[in-house]
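1. Model the following, please.
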Amino acid sequence: MTGRPWTAAILLALVVSGCQNMPRAVLSQYYRALGKARLNAGEYHAAAADFTQAIRWGDCNGDLYYERGLANFARDSAQVAIEDFNTALRCTPALEVFAQARGQIYTMRGLTLLEVGGSAKALIDADSAVALDSTLVLARLVRGRARVATGAPELAITDFDFCSSVTPFGARRSIIWRWPIDNRVRARSRSPCCGG
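-> Sure thing, here's the model as predicted:
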């Protein structure tokens with residue numbers, strides 16, 4: 001066996017035994033790593049619980065709240081995910097070096113808002129994300145969908161065109177990358193300038 005499984009087993013044993021001498025940061029990192037592994041494995045409830053433990057043992061870390069928000073979004077707990085994304089934004093400094101991270105948080109909060117019917121707020125978040133990092137494709141997809149939902153399909157077309165232009169050709173056949181193409185068709189059908 002390699003050292004990594006033993007390290008995790010030792011940390012888990014110390015956590016279970018209630019070792020009070022374990023540095024809080026180490027416990028937070030352990031639970032974060034466990035949460036990420038469970039999130040990637042599709043175990044969303046367990047991942048959310050692990051991120052909660054990581055938050056308990058760590059400081060106000062925007063990444064932890066963002067990751068727990070992803071787990072809550074994936075397990076269809078939209079309101080809890082929105083609260084996590086709100087906290088992630090409060091914990092992530094509004095500095096240039098954190099622009100991409102903040103853009104990702106705004107994107108996921110916008111996507112979550114869009115899923116629960118908050119199209120106008122989703123559009124604000126997507127605009128904020130694109131302003132922070134114009135290369136975030138998911139932010140453009142969210143903004144495009146929000147624009148269609150708020151009655152601006154002609155503006156949505158530019159977002160969907162951008163997404164299609166940066167998507168690798170091979171990926172255009174996958175389900176996820178059909179989203180901008182399918183939504184562009186819907187936007188064109190609703191746009192007064194394009195036949196709606």
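2. switch to C-alpha atoms for all contacts and neighbour counts from now on
-> Fine.
3. which helices and strands does the helix or strand residue 90 falls within pack with?
-> Using DSSP states H and E, residue 90 falls within helix 78-91. Contacting helix 78-91 under the criterion 3 or more CA pairs under 8 Å, 6 or more residues apart in numbering; DSSP states H and E are the following elements: helix 62-74, helix 99-115.
4. now these in CSV, with mean pLDDT?
-> Below are the helices and strands packed on helix 78-91 laid out as CSV (pLDDT from 0 to 100):
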stretch, mean pLDDT
helix 62-74, 93
helix 99-115, 93
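5. Tabulate those helices (CSV), appending distance to residue 90 and mean neighbour count.
-> Shown next, in CSV, are the helices and strands packed on helix 78-91 (distance: least, CA to CA, whole Å; neighbours: other CA atoms under 10 Å):
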stretch, distance to residue 90, mean neighbour count
helix 62-74, 7, 26
helix 99-115, 10, 25
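6. average pLDDT across the helix or strand containing residue 148?
-> Counting by DSSP H and E, the element that carries residue 148 is helix 137-149. The pLDDT scores in helix 137-149 average 91.
7. Also compute the angle for whatever helix or strand comes next after it relative to helix 137-149, please.
-> As assigned by DSSP H and E, the chain's next helix or strand after helix 137-149 is helix 153-166. On the basis of axes from the mean of the first three to the mean of the last three CA atoms, to 10 degrees, helix 153-166 is oriented at 160 degrees to helix 137-149.
8. picking up where we left off before, list of residues touching the helix holding residue 148?
-> The contact list for helix 137-149 (CA atoms under 8 Å, 6 or more residues apart in numbering) reads 103-104, 107, 110-111, 114, 119-120, 122-123, 126-127, 129-130, 153, 155-160, 162-163, 179-180, 183, 187.
9. ChimeraX command to pick out the buried ones of the residues you listed?
-> Command for ChimeraX that selects the buried part of the contacts of helix 137-149, burial taken from 16 or more other CA atoms under 10 Å:
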select :103,104,107,110,111,114,119,120,122,123,126,127,129,130,153,155,156,157,159,160,162,163,179,180,183,187
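10. Fine by me, thanks again.
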